[in-house]
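K.L.:
structure of the sequence below:
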Amino acid sequence: MWKPAAALAAVAALLLAAPAAHAGGWATVGLSSTPTARTWTVDLTVLQHGRTPMKNIEPAVLVGDRRFPAAPTGRPGVYRAHVVFPSDGRWTYRIEDGFTRVHTYPPAQIGAPAAAAGRSGPDLRLLLPGAALLLAAAALIAIRRPQPQAA
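P.N.:
Residues are numbered from 1 along each chain as shown. I've put the predicted structure just below:
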């Protein structure tokens, strides 16, 4: 005889077990630093399940379409990459963990931001729209002001 409660329990058990069956293949990647200059030497610490140092893998840093392989440092799970960014500017970079996936990181500003390069102090150009608005308002007030009548 079919029992709805037993069937529901079996479906629930399958749903709960499905993620566990897919688990087991992930890694974390820690970076010794984040990039700020055109050349960046970084140590990647690759840990399976965030705990066990990964040996015998081939991680890499990806910048655009370029791949910078990381070599073992002699410490378990630690690999070193030497990266060269093509130019100053805002760059995205990713890390291939050499195990299961590619990890993404926030974009990095390499070198000085283009707008601020060679300049110090506030950007007074930002005040121009406000100054133009104030001048236009003053002109409108002057035009609309009633002129005194001659007696």
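
K.L.:
flag the shaky bits of this protein, pLDDT-wise.
P.N.:
In the predicted model, the chain carries pLDDT under 70 at residues 1-24, 114-126, 128, 131, 137-139, 142, 145, 147-148, 150-151.

K.L.:
again, only using 50
P.N.:
Applying pLDDT under 50 to the chain flags residues 2, 7-23.

K.L.:
which strand of it spans the most residues?
P.N.:
strand 39-48 (DSSP state E).

K.L.:
which neighbours does that one have in its sheet, and in what orientation?
P.N.:
Sheet pairing of strand 39-48 (DSSP bridges) gives strand 27-31 (antiparallel), strand 52-53 (antiparallel), strand 78-84 (antiparallel).

K.L.:
buried set for the last one?
P.N.:
It refers to strand 78-84. Neighbour counts over strand 78-84 (16 or more other CB atoms under 10 Å) mark 78-81, 83 as buried. Where C-beta positions appear, they are placed from N, C-alpha and C, glycine not excepted.

K.L.:
okay if I get these as TSV plus distance to residue 97?
P.N.:
As requested, the buried residues of strand 78-84 are exported to TSV (distance: CB to CB, whole Å):
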residue	distance to residue 97
78	13
79	10
80	15
81	12
83	16
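
K.L.:
in the protein, which spans are strands?
P.N.:
Taking DSSP E as the test, the strands found in the chain are 27-31, 39-48, 52-53, 60-63, 66-69, 71-72, 78-84, 89-91, 93-96, 102-104, 108-110.

K.L.:
determine which stretch of the ones you listed is the most buried.
P.N.:
strand 93-96 (a mean of 21; mean count of other CB atoms under 10 Å).
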